[in-house]
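Peer 1: One predicted model, sequence on top.
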Amino acid sequence: MTIGSRGDIEPFVWLARALNKTGYEVTLCAPFKPDYFPDANGIGFFSLLSEESEFNPKGDPRRRSDSRPTWQDRSARKRFGVEVLAGLARVAEEPADVVIHHAGLPGNQIAELLDVPHIAVCFDPCWIPTESFPSALCPIWLPSSLNRMSYFRSKPNVVIRQIVGNTVEWRQQVLGLKDRKGCEDPMLRADGSPATVINAFSEQMFNNSLLRYPEGVHTTGFWFPEYDENRKLDKGIFEFTNTAESTVYVGFGSIGETKYHNQRALSKALEKSGVRAVVGSAIDGAGKFAGNSIFVADDVPFDLLFPRVDGVVHHGGIGTLAAALAAGKPQAIHPIGPKNSKLVSKFRFNSWQMHLNGVAPKPIMNRKKFTESLAESIAEIVWSPERCKRAQEISKEIRREDGIKATVGIVNGLLRSGSS
């Protein structure tokens, strides 16, 4: 079960496919059925939102990848949380052997009701305290000795409350479970012991020493889709990128502010940098791009596109970042998201990690000179041999990992051991 943007839902689709091939019957639970959901025997889908829900995207391409209300609309966020919790309660009416859930959902409480083990999945390095680096949600840089302390703002139960609201009453009145200490913490089992946790990201994100996590926390590497020879790029994109001219991908996610990511500013930046671009359709005014140097694309598969471009310009989301690293492409990052959202802190953290790792210039933070800064960063990632070489080095290491395969192995081991 998962929630969030494309980067939160799509990897669960890939995991469902892998588990199904291993012999499991899998049901994916998400706010809505994604367009790329596989039609295969043994893979079912359960919508956490009703067909009549005000948050159901209903084919709207600008909402298709994320149905959540805006961060500022507190009333809508509360209604959204009530609907999601109601959907989770319906999920619990069906039997299961294990619950694998996004760390931002109370999947542990569903597992407790079903009396089965659960696995919490973290796509970002902001959930589990470690001495290796500070929390991505920490607003200031701290001495390394205080790294673990910095995670006080990112306690999982606090994040869950921000996504779906207070789950204590829901737990008691809807699920019929008694209140207990730690019941809202998805990193704990019902008996209070540490649960199995999967960090679905790669250690290659960081240029420091090996990560140090508690026992039971598995850093598997990024999750990527299995190679499928039948998956093809759109013909128009394929022909546009089939050139010796320098080309970049530009996309700033589906949930960020678009004030600075508009057609006019981006056109000027691309003109100054002298490169062509495949541009995500979520950019404000994307339909107004003109000329032969820009191609506007909607829901393009990153694993197929990124090997064909020279660099990736994005907002710092973990999904785009992972695909760029795997493809061995340097990145230019402008970390931005919903106003006053903790997502912005995560994007900034990711962008600085890419800079420290040598695959990206410093994050683009100057909004007043956004066009100039973006043009300079694009030129650097395209023409800098050092950035390109470093990106290729990291790509080789990431390609040796198989996050999906490792996760399937963890699921097998958990079920064989009978842990709950």
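Peer 2: That came through fine. Keep in mind the model is a prediction, meaning the values are calculated, not measured.
Peer 1: Okay, and Gln162 sits in which element?
Peer 2: Using DSSP states H and E, Gln162 sits within helix 156-164.
Peer 1: which residues are in contact with that helix?
Peer 2: 3, 80-81, 84-85, 103-106, 120, 127, 167, 184-187, 342 (C-beta atoms under 8 Å, 6 or more residues apart in numbering). (Each C-beta comes from the backbone N, C-alpha and C, glycine too.)
Peer 1: Just the mean pLDDT for it, thanks.
Peer 2: Across helix 156-164, the average pLDDT comes to 85.
Peer 1: Measure how far it is from the centre of its chain, please.
Peer 2: Between the centre of helix 156-164 and the centre of its host chain there is 17 Å, according to C-alpha atoms, centre = their mean, to the nearest Å.
Peer 1: Quick one: distance of whichever helix or strand comes after that helix to the chain centre.
Peer 2: Next along the chain after helix 156-164, taking DSSP H and E as the criterion, comes helix 168-169. Its chain's C-alpha centre lies 28 Å from the corresponding centre of helix 168-169 when counted by C-alpha atoms, centre = their mean.
Peer 1: all helices in the stretch 301-420 of the chain, in order from the N-terminus.
Peer 2: In chain order, the stretch 301-420 of the chain shows helices spanning 302-305, 318-327, 343-356, 370-383, 385-400, 403-417, with DSSP state H, counting those that start in this stretch as the criterion.
Peer 1: quick one: low-confidence ranges for the stretch 51-200 of the chain?
Peer 2: 57-73, 139, 153 (pLDDT under 70).
Peer 1: try the stretch 201-350 of the chain
Peer 2: 208-210, 254-263, 281-291, 337-342.
Peer 1: Let me see the ranges of the strands in it.
Peer 2: Assigned by DSSP state E, counting those that start in this stretch, the stretch 201-350 of the chain shows strands spanning 217-219, 247-250, 276-280, 294-297, 311-314, 331-333.
Peer 1: Note down every partner strand of the second one and its orientation.
Peer 2: Strand 247-250 has these partner strands in its sheet, going by DSSP bridges: strand 276-280 (parallel), strand 311-314 (parallel).
Peer 1: Looking at these, which is nearest to Asp115?
Peer 2: strand 311-314 (42.1 Å; C-beta to C-beta).
Peer 1: thinking Val248 is in contact with Phe306, fair?
Peer 2: No: judged on C-beta atoms under 8 Å, Val248 makes no contact with Phe306 at a distance of 10.1 Å.
Peer 1: list residues touching both of these two?
Peer 2: Joint contacts of Val248 and Phe306 (C-beta under 8 Å, 6+ apart) are Val312.
Peer 1: follow-up on the earlier one: what would the strands paired with strand 247-250 look like in TSV with distance to Gly409 and mean neighbour count?
Peer 2: What follows is these, written out as TSV (distance: least, C-beta to C-beta, whole Å; neighbours: other C-beta atoms under 10 Å):
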stretch	distance to Gly409	mean neighbour count
strand 276-280	34	23
strand 311-314	30	29
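Peer 1: Now tabulate these in JSON lines and tack on distance to Lys33.
Peer 2: Shown next, in JSON lines, are these (distance: least, C-beta to C-beta, whole Å):
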{"stretch": "strand 276-280", "distance to Lys33": "22"}
{"stretch": "strand 311-314", "distance to Lys33": "26"}
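Peer 1: element containing Leu28, please.
Peer 2: Leu28 belongs to strand 26-30, assigned by DSSP H and E.
Peer 1: other SSEs contacting that strand?
Peer 2: helix 6-22, strand 43-47, helix 74-91 (3 or more C-beta pairs under 8 Å, 6 or more residues apart in numbering; DSSP states H and E).
Peer 1: List the buried residues in the longest one.
Peer 2: Pointing back at helix 74-91 there. Neighbour-count burial for helix 74-91, with 16 or more other C-beta atoms under 10 Å as criterion, is recorded at 77, 79-81, 83-85, 87-89, 91.
Peer 1: what angle sits between it and strand 43-47?
Peer 2: 140 degrees (axes from the mean of the first three to the mean of the last three C-alpha atoms, to 10 degrees).
Peer 1: Show me how far helix 74-91 is from its chain's centre.
Peer 2: For helix 74-91, the distance to the chain centre is 21 Å (C-alpha atoms, centre = their mean).
Peer 1: Which SSE is immediately downstream of that helix?
Peer 2: strand 99-102.
Peer 1: Check which element follows that next one along the chain.
Peer 2: Using DSSP H and E, the first helix or strand after strand 99-102 is helix 107-114.
Peer 1: Show me what that following helix is packed against.
Peer 2: Using 3+ C-beta pairs under 8 Å, 6+ apart, helix 107-114 is in contact with helix 74-91, strand 99-102, strand 118-122.
Peer 1: Any idea which of the ones you listed gets closest to Leu266?
Peer 2: helix 74-91 (29.3 Å).
Peer 1: Now tell me what touches the closest one from outside.
Peer 2: By C-beta under 8 Å, 6+ apart, helix 74-91 touches 1, 3, 29, 31, 46-50, 53-55, 68-71, 105-107, 110, 163-165, 167, 170, 174-175.
Peer 1: now could you export just the CA positions of it as PDB?
Peer 2: Taking C-alpha atoms only, helix 74-91 is exported to PDB below (Å, rounded to 0.1, in the frame of the first residue of the first chain):
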ATOM      1  CA  ARG A  74      -5.800  22.300   5.500                       C
ATOM      2  CA  SER A  75      -9.500  21.600   5.200                       C
ATOM      3  CA  ALA A  76      -9.000  19.600   2.000                       C
ATOM      4  CA  ARG A  77      -6.000  17.700   3.600                       C
ATOM      5  CA  LYS A  78      -8.200  16.700   6.500                       C
ATOM      6  CA  ARG A  79     -10.900  15.400   4.200                       C
ATOM      7  CA  PHE A  80      -8.300  13.600   2.100                       C
ATOM      8  CA  GLY A  81      -6.900  11.900   5.300                       C
ATOM      9  CA  VAL A  82     -10.400  10.700   6.300                       C
ATOM     10  CA  GLU A  83     -11.000   9.200   2.900                       C
ATOM     11  CA  VAL A  84      -7.700   7.400   2.900                       C
ATOM     12  CA  LEU A  85      -8.200   6.000   6.400                       C
ATOM     13  CA  ALA A  86     -11.600   4.700   5.300                       C
ATOM     14  CA  GLY A  87     -10.000   3.000   2.300                       C
ATOM     15  CA  LEU A  88      -7.400   1.400   4.500                       C
ATOM     16  CA  ALA A  89     -10.100   0.000   6.800                       C
ATOM     17  CA  ARG A  90     -11.700  -1.600   3.700                       C
ATOM     18  CA  VAL A  91      -8.400  -3.100   2.800                       C
END
